[in-house]
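[1] Sequence and predicted structure, then a few things I'm wondering about:
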There are 2 protein chains.
Amino acid sequence: MNISRASDYAIRGLVYMAKQPAGTVCFVKDIAKNTNSPASFMSKIFQTLAKSGIVHSFIGTKGGFTFNVQPENITIKTVIEIIDGPILLNRCAVNKSACNEIDNCDVHYMWADIRKILIKALNAYSIADFAKDKKNNKEVLSEVINF
Amino acid sequence: MNISRASDYAIRGLVYMAKQPAGTVCFVKDIAKNTNSPASFMSKIFQTLAKSGIVHSFIGTKGGFTFNVQPENITIKTVIEIIDGPILLNRCAVNKSACNEIDNCDVHYMWADIRKILIKALNAYSIADFAKDKKNNKEVLSEVINF
DNA sequence: AAAATATAAGACAAATTTTATCTTAATTTG
DNA sequence: CAAATTAAGATAAAATTTGTCTTATATTTT
Ligand code: SF4
Ligand code: SF4
């Protein structure tokens, strides 16, 4: 029950980028150094992010990455889905076609429900939220929703 | 971002047990058959559940498993933690000792927050909730918390 | 313009985790 | 006490995750 290390790195890398002056072309080398991640692994992660369209890549000397979507509009959920694929807690609750139950089984509604909550929480945080200050100034969700 | 198949099976297996008359000694063979899971895999899963104390096991002919904790008191979170281990979304947000940040890093508060929400949601459902009827009669959480 | 350099892209490989099976031990029944 | 039934535990296969190494592309320098 965790995100992959790749998704974790991706988020940290994007947060690092968001902290640089807007428009800066960032090198994987620097992104990796500042996130304590293996550069070659981070490289592959950014390839995936580039393919998805949220960052733009430039090959060759002075190449690197820039945002293609504003960090305010990139939520944690977006990043996790790009790297890890769809968020399916029990790996079938959404993909009903993969199960042979005619009616929904005993646990279907629960997983759908919990998934909905999780996705909303993951969508409540954007990359830009972390670039500002450490104890980010947004109110803590779990208090706001009184849950 | 999903629970393991083992946890999924565990939950389904326990729900099956909860549907039998209280006190029934259940065989792995039957539990597996009724959850479409490999019996030998389910066997190992129930070993783990037995070690944790939530079920009791009986060896030998007419052996099997019974609840050691009332299904009402076994939440989904409990089961997942027994099978998959602690719920750590980014695999460090709780285990601060495993990281070398002096202050908390940029993403620490977010993960702590989302984790808190997820855990509450997982704790809101018990095994007994599913034994009653399919569209279980408890209100849908994601609506109740207006989130 | 060619060579050297810096960079991302993509192919490849190791490590870990997940999923499962196979063998052994324990208990009951006849 | 032998046979049958069941869980426990050891072992193995498969899948996924994590990571590295090589190749292609663009820029800069000579
Ligand atoms: S009905 Fe059950 S098995 Fe089928 S998709 Fe829903 S949760 Fe999965
Ligand atoms: S400070 Fe950052 S790296 Fe350390 S435990 Fe928290 S989330 Fe993990």
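    Sure, I can see it. Ligands and ions are numbered 1, 2, ... in the order given.

[2] quick one: contacts for the spatially most central residue of chain A?
    Residue closest to the average C-alpha location in chain A (Cα atoms, centre = their mean): A:Val79, at 2.2 Å. Counting by Cβ atoms under 8 Å, 6 or more residues apart in numbering or on different chains, A:Val79 makes contact with A:7, A:10-11, A:14, A:49, A:54, A:127. Heads up, the C-betas are built off the backbone N, CA and C, glycines and all.

[3] ok, so of the residues you listed, who is nearest B:Ser43?
    Of all the contacts of A:Val79, B:Ser43 sits closest to A:Ser7, with 33.1 Å by Cβ to Cβ.

[4] Helix, strand or coil: sort out that closest one for me.
    Here A:Ser7 is helix, with the state taken from DSSP: H, G, I helix; E, B strand; the rest coil.

[5] That one and B:Lys44, how far apart?
    According to Cβ to Cβ, to the nearest Å, A:Ser7 and B:Lys44 sit 29 Å apart.

[6] my guess is A:His56 is in a helix, correct?
    No: the assignment for A:His56, made by three-state DSSP, is strand rather than a helix.

[7] quick one: contacts for the closest residue to it other than its chain neighbours?
    Distances taken as Cβ to Cβ, 6 or more residues apart in numbering or on different chains put A:Asn68 closest to A:His56, at 4.5 Å, once the chain neighbours are dropped. Shown in contact with A:Asn68 (Cβ under 8 Å, 6+ apart): A:53-56.

[8] possible to save these as JSON lines with pLDDT, neighbour count and distance to A:Asp103?
    Output for those, formatted as JSON lines (pLDDT from 0 to 100; neighbours: other Cβ atoms under 10 Å in any protein chain shown; distance: Cβ to Cβ, whole Å):
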{"residue": "A:Gly53", "pLDDT": "95", "neighbour count": "10", "distance to A:Asp103": "39"}
{"residue": "A:Ile54", "pLDDT": "96", "neighbour count": "21", "distance to A:Asp103": "39"}
{"residue": "A:Val55", "pLDDT": "97", "neighbour count": "22", "distance to A:Asp103": "43"}
{"residue": "A:His56", "pLDDT": "96", "neighbour count": "14", "distance to A:Asp103": "47"}
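
[9] tell me which of those residues is nearest to A:Ile3?
    Checking the contacts of A:Asn68 against A:Ile3 with Cβ to Cβ, the nearest one is A:Ile54 at 16.6 Å.

[10] just checking, the closest one touches A:Ile82?
    Yes: A:Ile54 is within contact range of A:Ile82, at 7.0 Å (criterion: Cβ atoms under 8 Å).

[11] and stretch A:120-127, anywhere near ligand 2?
    No: Stretch A:120-127 does not reach ligand 2 (Cβ under 6 Å from any ligand atom); its nearest approach is 13.1 Å.

[12] pull the CA atoms of that stretch into CSV?
    The C-alpha coordinates for stretch A:120-127 follow below in CSV (Å, rounded to 0.1, in the frame of the first residue of the first chain):
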residue,chain,number,x,y,z
LYS,A,120,-9.9,13.5,-3.9
ALA,A,121,-7.1,13.8,-1.3
LEU,A,122,-4.4,13.2,-3.9
ASN,A,123,-6.0,15.8,-6.2
ALA,A,124,-6.1,18.4,-3.4
TYR,A,125,-2.4,18.9,-3.5
SER,A,126,-0.5,20.3,-6.4
ILE,A,127,3.2,20.5,-7.2
